[in-house]
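Asker: A structural model of the following input is requested.
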Amino acid sequence: MVSQIVIILDLVGAFLGIFGSLSFILSFILLKEIRTQSRIFILTLSIYNFLIGVFALLPGYKNQTICKIQCFLLDSTFPAACFWIFQISFAYYLQICRGFDMENSKLFFWISFVTIQLICFFLGALSLSIGTIFHGRSYWCFLSNRKLHSIHYALIWVFLAATPIFYTLVICKIRKKETNYPKSFQIKMFFLAFVYVFTEFWLTINRATQDQEENKHEESFLDSAQAFFSPLLGFWDFVFFVWGDNFVWALIVSQCCGHKYTPFK
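Answerer: Alright, predicted model coming up:
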């Protein structure tokens, strides 16, 4: 039986994730000055993070129908969010380290979008077709299949592990003073990679643990951590991009005073 603590933690994490991702989506819509090609990658990630937060509110542990819906939606969007986390780091690497003209390359974005979407839809459909419903001890249920989850986790962690590598290359390039990006940008890149990887860690480690268990036990620290951290991805969109890039102040100024805001690009 899922405890009230796990349910509360899931709801808190989900609402924080929804708030954070929605704040960037609204910033992108309302502030014309920030609508660059590079930030379209971040916008796409925020949309997926918003969906994760919404889907996380479904009480998948209650019945099989809701469980199947929740599993398909989450197994499609979670990998997509992880792939876009990697794709953003790769885009920064190409732009800063290789001189790739990201602002004039819409084709690169659309190839990335279509490829990632097809892969993640296939993963969700595969989970739905061959997985066995397992409610575990978390607020969410999931479709248990050890071989499938091994492939699923491997894909996620290959991309997540590559993310800090690309950010490190970006920071090294900046530190050589071959670009004009400030120190604050370097700090943001480092912590961005860390918190994304740290947040996703709880989803995979807890599911891997539950995959090995045939009997239900009382909730553990991992269950509580998964419930809180897994839908929290969108909150980092607010911390690093909306608050970190001063978009929150730009929104207030533009809406209240009518002044334009020139963001750091």
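
Asker: C-alpha only now, for contacts and for neighbours.
Answerer: OK.

Asker: Which residues belonging to stretch 97-107 are considered buried?
Answerer: Within stretch 97-107, the residues scored as buried using 16 or more other Cα atoms under 10 Å are 97, 102.

Asker: Can you pull out the residues in contact with it?
Answerer: Stretch 97-107 has contacts (Cα atoms under 8 Å, 6 or more residues apart in numbering) with 36-38, 91, 94-95, 169-170, 173.

Asker: Average pLDDT for that stretch, rounded please.
Answerer: Here stretch 97-107 scores 81 as its mean pLDDT.

Asker: One more: stretch 50-64?
Answerer: For stretch 50-64, mean pLDDT rounds to 77.

Asker: Stretch 19-39 now?
Answerer: So the average pLDDT for stretch 19-39 ends up being 85.

Asker: Name the member of the contacts of stretch 97-107 with the most neighbours.
Answerer: Compared across those, Val170 has the highest neighbour count, 23 neighbours, by other Cα atoms under 10 Å.

Asker: Which residue comes closest to that one once chain neighbours are left out?
Answerer: Nearest residue to Val170, sequence neighbours excluded (Cα to Cα, 6 or more residues apart in numbering): Tyr93, at 5.6 Å.

Asker: who touches the one you found in this structure?
Answerer: By Cα under 8 Å, 6+ apart, the neighbours of Tyr93 are 166-167, 169-170.

Asker: Next, work out how far apart Ile69 and Phe19 are.
Answerer: 23 Å (Cα to Cα, to the nearest Å).

Asker: which residues of this protein score low on pLDDT?
Answerer: 1-2, 59-63, 131-147, 149, 177-184, 203-204, 206-220, 244-265 (pLDDT under 70).

Asker: ranges for the strands of it?
Answerer: Ranges of strands within the chain are 132-134, 142-144, based on DSSP state E.

Asker: Nearest spatial neighbour of Phe24, chain-adjacent residues omitted?
Answerer: Using Cα to Cα, 6+ apart, the closest residue to Phe24 is Val242 (5.8 Å).

Asker: Ser27 is in contact with the one you found, correct?
Answerer: Yes: using Cα atoms under 8 Å, Val242 is in contact with Ser27, at 7.3 Å.

Asker: Near Ser27, how many residues? Count them for me, please.
Answerer: If you count neighbours by other Cα under 10 Å, Ser27 ends up with 22.

Asker: how about stretch 14-22: buried residues?
Answerer: 14-22.

Asker: Just the ones of those residues in helices?
Answerer: 14-22 (DSSP state H).

Asker: tell me which of these is nearest to Phe113?
Answerer: Nearest to Phe113, judged by Cα to Cα, of these is Ser21 at 18.2 Å.

Asker: wait, what's in contact with the closest one?
Answerer: So Ser21 contacts 46-47, 49-50, 234-238 (Cα under 8 Å, 6+ apart).

Asker: Any chance of these in JSON lines with neighbour count and distance to Phe86 as columns?
Answerer: Converted to JSON lines, the contacts of Ser21 look like this (neighbours: other Cα atoms under 10 Å; distance: Cα to Cα, whole Å):
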{"residue": "Ser46", "neighbour count": "28", "distance to Phe86": "14"}
{"residue": "Ile47", "neighbour count": "19", "distance to Phe86": "15"}
{"residue": "Asn49", "neighbour count": "30", "distance to Phe86": "14"}
{"residue": "Phe50", "neighbour count": "29", "distance to Phe86": "18"}
{"residue": "Gly234", "neighbour count": "32", "distance to Phe86": "15"}
{"residue": "Phe235", "neighbour count": "26", "distance to Phe86": "17"}
{"residue": "Trp236", "neighbour count": "23", "distance to Phe86": "15"}
{"residue": "Asp237", "neighbour count": "27", "distance to Phe86": "14"}
{"residue": "Phe238", "neighbour count": "26", "distance to Phe86": "18"}
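
Asker: Could you export these as JSON lines, including distance to Trp110?
Answerer: JSON lines is the format used below for the contacts of Ser21 (distance: Cα to Cα, whole Å):
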{"residue": "Ser46", "distance to Trp110": "16"}
{"residue": "Ile47", "distance to Trp110": "15"}
{"residue": "Asn49", "distance to Trp110": "19"}
{"residue": "Phe50", "distance to Trp110": "20"}
{"residue": "Gly234", "distance to Trp110": "22"}
{"residue": "Phe235", "distance to Trp110": "25"}
{"residue": "Trp236", "distance to Trp110": "24"}
{"residue": "Asp237", "distance to Trp110": "21"}
{"residue": "Phe238", "distance to Trp110": "25"}
